[in-house]
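Colleague: Let's see this in three dimensions:
(one chain, ligands or ions: 1)
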Amino acid sequence: MIHRLVYYSRNRLTDGPLTAWIIKDILSASRANNARVGVTGALMFNAGCFAQVLEGPQQAVEETFERIQQDERHGDVSLLDFGPVGEPAFETWSMGYVGGSESGRTRFAGIAGESGFNPSNFTGDRLFETLHRLALEEEEAALAA
Ligand code: FAD
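Modeller: Okay, the predicted model is just below:
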């Protein structure tokens, strides 16, 4: 059965050219590892925080999240949702990155700002829906380009 996990965390990276390189590094390790164990999902990054959805077999999602929580590139990892789902939403994404477009950054900045970075103001459903919508928009934009 497919499980979905949603969390967000405080980004410990500073803005600058090195950050873009570090994000690339995170994405390439994520894509290689996730593809091996059947995990899919999407990652969002902005100046303040990361948000991520992981989907896949329960054990693979749990082991991936264990590793992610140990990573010093972020902190205050807040788990918002974890449980079985009927259908995966990110089937074709070993780890989609939705921080790339201007509209994605603006929308996520709005949500993060509203919450004051307080996890109790976020719901897993809301974060999941936002990442899913942004992922679809970015996919459509890439196909149209
Ligand atoms: P390695 O080959 O050991 O490392 C890959 C690269 O990352 C190397 O350049 C290494 O120097 C660097 N690196 C590894 N760990 C750290 C660390 N703790 N601090 C600084 N640099 C480090 N991993 C996944 O497998 N799937 C995911 O979906 C995923 N999502 C992530 C989301 C976020 C927000 C962050 C911060 C990390 C995420 N990671 C993810 C990375 C994860 O935390 C581990 O770094 C990674 O899984 C280690 O895999 P590896 O042993 O194959 O990589």
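
Colleague: Enumerate the residues of the protein near the ligand.
Modeller: 25-26, 29-30, 33-34, 43, 50, 52, 54, 64, 67-68, 71-74, 95 (Cβ under 6 Å from any ligand atom). Any C-beta I mention is one placed from the backbone N, CA and C, and that applies to glycine too.

Colleague: are any of these buried, and which?
Modeller: 26, 30, 33-34, 43, 50, 52, 54, 64, 68, 74, 95 (16 or more other Cβ atoms under 10 Å).

Colleague: contacting residues for residue 79?
Modeller: If a contact means Cβ atoms under 8 Å, 6 or more residues apart in numbering, then residue 79 has 5-7, 65 as its contacts.

Colleague: can you tell me which of these are in helices?
Modeller: residue 65 (DSSP state H).

Colleague: could the contacts of residue 79 go into JSON lines alongside distance to residue 21, pLDDT and neighbour count?
Modeller: As requested, the contacts of residue 79 are exported to JSON lines (distance: Cβ to Cβ, whole Å; pLDDT from 0 to 100; neighbours: other Cβ atoms under 10 Å):
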{"residue": "5", "distance to residue 21": "27", "pLDDT": "98", "neighbour count": "24"}
{"residue": "6", "distance to residue 21": "27", "pLDDT": "96", "neighbour count": "24"}
{"residue": "7", "distance to residue 21": "24", "pLDDT": "95", "neighbour count": "23"}
{"residue": "65", "distance to residue 21": "24", "pLDDT": "98", "neighbour count": "17"}
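
Colleague: Now do the helices in this structure.
Modeller: So, for the chain - with DSSP H - the helices run 17-37, 58-69, 102-115, 124-144.

Colleague: helices or strands next to the last one in the packing?
Modeller: With contacts defined as 3 or more Cβ pairs under 8 Å, 6 or more residues apart in numbering; DSSP states H and E, the secondary structure elements packing on helix 124-144 are strand 2-11, strand 40-45, strand 49-57, strand 74-84, strand 96-97, helix 102-115.

Colleague: Nothing else from me, thank you.
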